[in-house]
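# Kindly generate the corresponding structure for this input.
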Amino acid sequence: MLTRHYDDALRPVGITITQFGLLKVIQRLEPESISDIAQALDIDRTTLSRNLKPLEKAGLVFRGSEGESRRRRVLLTTLGVAKLKEAQPFWQMAQDRVEDVLGDAKLQDLYGALSMIRPEFIAHP
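Below is the predicted model of the structure:
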């Protein structure tokens with residue numbers, strides 16, 4: 001239900017919440033490899049590669065040539081940075097709605113429950 005809520009909010013921008021999250025991680029980490037992203041998101045490389053392909057095709061991300069230890073750097077393109085900037089207000093509206101509906105106490109309960117599952121991944125606002 002939450003995924004649908006965010007996907008609906010981001011529809012005018014033409015990306016899904018999964019793609020938005022992936023773009024945000026790439027922007028924040030400036031990863032040295034696909035493995036770095038996979039580790040940060042706790043997903044396997046095959047799933048990640050499958051999710052990166054449409055972003056590459058749309059010109060939002062760039063995977064560099066293989067470097068040392070067969071590592072390929074993943075970067076946002078100028079178009080990818082612009083897409084994130086365009087999407088941010090739509091995501092924020094969806095986020096504000098979730099926060100309004102849940103209220104502070106339930107939101108903190110949610111963050112607490114999620115942090116029990118994956119402590120290092122949950123970032124409190």
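
# So in this protein, which helix runs the longest?
Using DSSP state H to define each element, the chain has its longest helix at helix 78-117.

# Would you mark the buried spots in it?
By neighbour count with 16 or more other Cβ atoms under 10 Å, helix 78-117 contains the buried residues Gly80, Lys83, Leu84, Ala87, Phe90, Trp91, Ala94, Leu107. All C-beta atoms are positioned from the backbone trio N, CA, C, and that covers glycine.

# Least confident secondary structure element in the protein?
Sorting the helices and strands of the chain by mean pLDDT, DSSP states H and E puts helix 34-41 at the bottom, at a mean of 88.

# Make CSV from the buried residues of helix 78-117 and add pLDDT and distance to Val13 to it.
Compiled in CSV, the buried residues of helix 78-117 are given as follows (pLDDT from 0 to 100; distance: Cβ to Cβ, whole Å):
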residue, pLDDT, distance to Val13
Gly80, 97, 12
Lys83, 98, 7
Leu84, 97, 9
Ala87, 98, 4
Phe90, 98, 6
Trp91, 97, 9
Ala94, 97, 11
Leu107, 89, 24
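
# with these in mind, which one is nearest to Asp8?
The shortest gap between Asp8 and any of those belongs to Ala94, at 7.8 Å (Cβ to Cβ).
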